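compute the structure for the input listed below.
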Amino acid sequence: MKPIHDFEALLADILREFDCQTGTLHRTDASGELLELEAQIGVPEFVLEKITRIPFGKGIAGVAAERKEPVELCNLQADLGGVAKEDARKTNVAGSLAVPVMMYGSGKVLGTLGIGKHVPHDFTETEKRHLAIHAEQLATLFASEV
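Residues are numbered from 1 along each chain as shown. Just a heads-up that it's a prediction; the model follows:
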């Protein structure tokens, strides 16, 4: 089924709001164990192949999906925090945040939403909550396409 929503445009709006330069939106596949890339902005071409399908628990998006909570790295260039892969440094992203896309109260991960800045950044609790609200809205759109 062809998506009825322009997820790239929605992602662009979110990036502008958070003053971020890169973003990804992944959707959980039918197995419930992999994230499949739905939309991206600003991700270098050489990284795209590696983030097209991400297992739960791997990388920032996969860990956010597995833990069902936000995962943040203040400076991806200095510290991979044991979460991101070495190739993540090649993206030139420093401050990074990924949140699970879940329907409110369901506990089911439908995907992940990730944003990143080219400068180190500690995302505030308010920013994390606000991005989680966007993720919840995206979950509603994902569910409407089923």
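
low-confidence stretches in this structure?
Where the chain drops to pLDDT under 70, the residues are 1-4, 74-94, 146.

strands of that one, start to end?
Here the chain has its strands, by DSSP state E, at 22-28, 34-41, 53-55, 71-73, 96-102, 109-116.

can you redo those as TSV with mean neighbour count and distance to residue 145?
The way it works is simple: take the backbone N, C-alpha and C, and place the C-beta from them, glycine included. Output for these, formatted as TSV (neighbours: other CB atoms under 10 Å; distance: least, CB to CB, whole Å):
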stretch	mean neighbour count	distance to residue 145
strand 22-28	24	9
strand 34-41	20	10
strand 53-55	15	19
strand 71-73	22	25
strand 96-102	27	13
strand 109-116	27	10
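
quick one: these as CSV, columns for distance to residue 130 too.
Supplementary listing: the strands of the chain in CSV, determined by distance: least, CB to CB, whole Å:
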stretch, distance to residue 130
strand 22-28, 14
strand 34-41, 18
strand 53-55, 24
strand 71-73, 13
strand 96-102, 10
strand 109-116, 11
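
between those strands, which one is closest to residue 8.
strand 34-41 (4.4 Å; CB to CB).

which helices and strands sit right next to the closest one?
helix 7-18, strand 22-28, helix 45-51, strand 53-55, helix 59-67, strand 109-116 (3 or more CB pairs under 8 Å, 6 or more residues apart in numbering; DSSP states H and E).

dump it to PDB, restricted to CA.
Extracted in PDB, the C-alpha atoms of strand 34-41 (Å, rounded to 0.1, in the frame of the first residue of the first chain):
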ATOM      1  CA  LEU A  34      13.400  -4.500  12.500                       C
ATOM      2  CA  LEU A  35      13.100  -0.800  11.800                       C
ATOM      3  CA  GLU A  36      12.700   0.100   8.100                       C
ATOM      4  CA  LEU A  37      13.500   3.600   6.900                       C
ATOM      5  CA  GLU A  38      10.400   5.600   6.000                       C
ATOM      6  CA  ALA A  39      11.900   9.000   5.500                       C
ATOM      7  CA  GLN A  40      15.200  10.800   6.000                       C
ATOM      8  CA  ILE A  41      16.700  14.200   5.600                       C
END
